[in-house]
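Asker: With the input below, show me the fold.
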Amino acid sequence: MLRNDNEGKPLSWHHLRSVQSSKGIGEPPLFLGSTVFFALREAVVAARRMNGKEVGGDAGVWNLDSPATCERLRLAVGDELAERAKTVQKEGEKSFLVAVA
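Answerer: Numbering: from 1, shown residues only. Below is the predicted model:
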């Protein structure tokens, strides 16, 4: 362990007013948690390919918002059950949901 500086004086850490390690600021848990989201996104890409859906390009733009709930994951996969549940607004119908921009 380093106990002296370059001049041979004993080191003192009492003057420092910040955490000198990423472990002390919560950085590892933050990024480890994000790895789960990115793993889910890759799983959705694989599932979309299995279901014959586009995974990129202009025609296949899809979005996976965080938090990645079960409902969002199921809709992003685009399997047969999600396709059967899809609703299309007909002419003259008003949307039940209100969009807030």
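
Asker: what's the distance between S34 and P28?
Answerer: Spatial separation of S34 from P28 under the definition C-beta to C-beta, to the nearest Å is 11 Å. C-beta: built from backbone N, CA, C; applies to glycine.

Asker: can you check F37 too?
Answerer: Using C-beta to C-beta, F37 is found at 16 Å from P28.

Asker: So between these two, which is more surrounded?
Answerer: F37 (13 against 10; other C-beta atoms under 10 Å).

Asker: what residues are up against that one?
Answerer: F37 is in contact with S66, A68, counting by C-beta atoms under 8 Å, 6 or more residues apart in numbering.

Asker: Which helix or which strand is home to it?
Answerer: helix 27-50 (DSSP states H and E).

Asker: buried residues in that helix?
Answerer: Taking 16 or more other C-beta atoms under 10 Å as the neighbour-count basis, helix 27-50 is seen to contain the buried residues L40, V44, V45, A47, R48.

Asker: Next up, the contacts around the third one.
Answerer: V45 is in contact with V55, counting by C-beta under 8 Å, 6+ apart.

Asker: For the residue most central in space within the chain, give its distance to E54.
Answerer: In the chain, the residue lying closest to the centroid (C-alpha atoms, centre = their mean) is F37, at 4.0 Å. As judged by C-beta to C-beta, F37 and E54 stand 21 Å apart.

Asker: any idea which of the buried residues of helix 27-50 is the one closest to C70?
Answerer: Closest to C70 out of those is L40 (10.6 Å), distances taken as C-beta to C-beta.
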